[in-house]
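Participant: A predicted structure for the sequence below; I have some questions about it.
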Amino acid sequence: MKLAIVDLAYGNIGSIELAFERLGVTPVVTADPGDIAAADRVVLPGVGAAGHAMTRVDELGLRDCLKSLAQPALGICLGMQLLLERSEEADTECLGIIPGEVRALEPSSTMPVPHMGWSRVDVQDPAIGLESGDYVYFAHGFACDPGPATVACADYGREIPAVVRHRNWLGAQFHPERSAEAGARFLAAFLG
């Protein structure tokens, strides 16, 4: 299987690469649209800011490539947020693959922002490799609202989609590469 990790020159690429290697797949880390389009599976990673990430997507000429993918693809954390239409973060136009908007989390005395740490998920579709009650690791200050694409969620002062699915795309707001056994199950299910 050819697995491509999109290289936007930032973020958590190394830990994602290692997570897939532990599952027996050696990914190709690339920003080449031809390599990405030819892969059996594609991962769009992300740590950082939406505006900077979308600037990199456009500088590398990847917007149309990512929007036209038909094979199974996975956006992780910021990579998931980029799948939506828009982010409040720097008022950024994103890829528009999944309907909806990303907005800032609201801090409270019991729920600081960023949401950093382990949270329990409620899963609507076990085919994603997670089970209700699993703990997964989050690190984010922005999130989309629940919608028809939501297949797992977490509670952090409001319901936060932990996993979304739309056509060939999965998005994980949490970091499966840092989520121990539950994260490994999720990535294995994505590999099929």
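Facilitator: Cool, got the structure.
Participant: how far is stretch 51-58 from where the chain is centred?
Facilitator: 15 Å (Cα atoms, centre = their mean, to the nearest Å).
Participant: Contacts for that stretch, please.
Facilitator: For stretch 51-58, contacts defined as Cβ atoms under 8 Å, 6 or more residues apart in numbering pick out 8-10, 46, 63, 66, 78, 82, 87, 89-90, 92-95. For every residue, glycine as well, the C-beta is placed using N, CA and C.
Participant: So for those, which is the shakiest by pLDDT?
Facilitator: Among the contacts of stretch 51-58, Y10 carries the weakest pLDDT, at 81.
Participant: Go ahead and confirm it touches A49.
Facilitator: No - Y10 is beyond contact range of A49, at 9.3 Å (criterion: Cβ atoms under 8 Å).
Participant: can you name the two of the contacts of stretch 51-58 that are farthest apart?
Facilitator: Spanning the widest gap among these are A9 and E93, at 20.5 Å by Cβ to Cβ.
Participant: Who has more neighbours out of these two?
Facilitator: E93 (13 against 9; other Cβ atoms under 10 Å).
Participant: For the more buried one, give the beta-bridge partners.
Facilitator: R86 (DSSP bridges).
Participant: what sits against it?
Facilitator: Taking Cβ under 8 Å, 6+ apart, we find E93 in contact with M54, E85, R86.
Participant: Those into TSV, with extra columns for pLDDT?
Facilitator: Below are those laid out as TSV (pLDDT from 0 to 100):
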residue	pLDDT
M54	97
E85	98
R86	98
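Participant: Show me where this protein has its strands.
Facilitator: Using DSSP state E, the strands of the chain run over residues 3-6, 28-30, 41-44, 73-76, 86-87, 92-93, 101-104, 115-123, 135-140, 142-144, 150-155, 159-166, 169-172.
Participant: rewinding a little: pull out the buried residues from the contacts of stretch 51-58.
Facilitator: L8, G46, R63, L66, L78, L82, S87, E89, T92, C94, L95 (16 or more other Cβ atoms under 10 Å).
Participant: Give me the nearest residue to A143, chain neighbours excluded.
Facilitator: With sequence-adjacent residues excluded and distances taken as Cβ to Cβ, 6 or more residues apart in numbering, A143 is closest to I160, at 4.6 Å.
Participant: For P72, see how far away the one you found is.
Facilitator: I160 is 23 Å from P72, where distance means Cβ to Cβ, to the nearest Å.
Participant: center of the protein - which residue?
Facilitator: For the chain, the residue nearest the mean C-alpha position is I76 (2.0 Å; Cα atoms, centre = their mean).
Participant: Just the pLDDT for that one.
Facilitator: Confidence score, pLDDT, at I76: 98.
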